[in-house]
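> Got a predicted structure plus its sequence, pasted below:
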Amino acid sequence: MKEYFVNAVHEYEDHMPSMIKNEACQIIGWLEVARVPGNFHIEAHSDNHDMSPVLANLSHKVNHLSFGTAVPSKVKRRLASDHQFLTAPLDNREFVVSESGSAPTVFMKVVTVFLDDYPNYPFYEMTSQSRITNYEENLIPEARFVFDFSPLSVMISKDNIKWYQFLTSLLALIGGTFTVVQLFNSFVGNISHAVKRKLGKAR
């Protein structure tokens, strides 16, 4: 699992000393997590320095974040018309914090996906939501990423229909339609005949 973040600078930093304006950091790495609900967070912390909460700007851009390994390109091409992989919906998303003492929190729901080409090798798709979390004045804000694995998994397979199977299905559809039309025509004919008989008796 990889995640890349780049901090941004915003208006509420105008009161900061010029030496720390426009500073940003990039975080690159991976985490090994169990398939259970959990979270990871980014926070300015040091045992040798005092961190001022008011100076913490947790605005950032996610260049890439995904679980597991990437889906092979040939598999994506083969299933492109049937399925759109959402393995990294947060890519290139920007999370902007407009005031101090707050930070974004991202919630991710992860689903395990098995492909017929790779039955023993799972991939992971996810959906996401986000909100801004406000912190008390004495607490340093932190960007949180909360994930939850769905207990259900998805199996994706693709079968090609043979020409004779298609022809058989087509003929069955035509035959069924013809039978229904004949039954309907017979039903209407019987009703019409019965009505004519009643009218004849009434005279």
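Yep, that arrived.
> alpha carbons only for contacts and neighbour counts from here, please
Noted.
> CA atoms only: put the longest strand seen in the chain into CSV for me.
Selection of the longest strand in the chain by residue count, based on DSSP state E, yields strand 118-134. Only the C-alpha atoms of strand 118-134 are listed here, as CSV (Å, rounded to 0.1, in the frame of the first residue of the first chain):
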residue,chain,number,x,y,z
TYR,A,118,-5.9,-14.6,-10.9
PRO,A,119,-8.2,-16.7,-8.6
ASN,A,120,-5.6,-16.8,-5.8
TYR,A,121,-4.5,-13.2,-6.0
PRO,A,122,-6.9,-10.6,-4.7
PHE,A,123,-7.1,-6.9,-5.7
TYR,A,124,-8.8,-4.2,-3.7
GLU,A,125,-11.3,-1.6,-4.7
MET,A,126,-12.6,1.2,-2.5
THR,A,127,-15.0,4.1,-2.1
SER,A,128,-14.2,7.1,-0.1
GLN,A,129,-15.8,10.0,1.8
SER,A,130,-14.2,12.9,3.6
ARG,A,131,-14.9,15.7,6.1
ILE,A,132,-13.0,18.4,8.1
THR,A,133,-12.4,17.6,11.7
ASN,A,134,-11.9,20.5,14.2
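> Thr179 and Asp47: what is the separation?
According to Cα to Cα, to the nearest Å, Thr179 stands 83 Å off from Asp47.
> oh, I was asking about Gly189
93 Å.
> In terms of neighbours, single out the busier of these two.
When Gly189 and Asp47 are compared for neighbours, Gly189 comes out ahead with 12 against 6, by other Cα atoms under 10 Å.
> and the more buried one, that's in a helix?
Yes - assigned with DSSP: H, G, I helix; E, B strand; the rest coil, Gly189 falls within a helix.
> Please name the residues that touch it.
Gly189 makes no contacts at all, as judged by Cα atoms under 8 Å, 6 or more residues apart in numbering.
> what do you get for Ser130?
By Cα under 8 Å, 6+ apart, the residues touching Ser130 are Pro104, Thr105, Val106, Phe107.
> and it, what pLDDT?
For Ser130, the pLDDT comes out at 92.
> Just grab the bridge partners of it for me.
Note on Ser130: beta-bridge partners by DSSP bridges are Val106.
> just the one 4 residues further on next, same as before
Beta-bridge pairing of Asn134 under DSSP bridges involves Ser102.
> Pretty sure it sits against Thr105.
No - taking Cα atoms under 8 Å as the definition, Asn134 is not a contact partner of Thr105, at 10.0 Å.
> Compare those two and say which one has the larger neighbour count.
It is Thr105, of Asn134 and Thr105, that has more neighbours when counted by other Cα under 10 Å, with 18 against 15.
> Show me where this protein dips below the pLDDT cut-off.
Along the chain, the parts satisfying pLDDT under 70 run over 1-24, 78-84, 158-161, 163, 199-203.
> list the contacts for the residue nearest in space to the middle of the chain?
Centroid-nearest residue in the chain, with Cα atoms, centre = their mean: Thr127, separated by 3.0 Å. For Thr127, the contacting residues are Leu86, Pro89, Met108, Lys109, Val110, by Cα under 8 Å, 6+ apart.
> Look up how far Ser157 lies from the second one.
Relative to Ser157, Pro89 is positioned 23 Å away (criterion: Cα to Cα).
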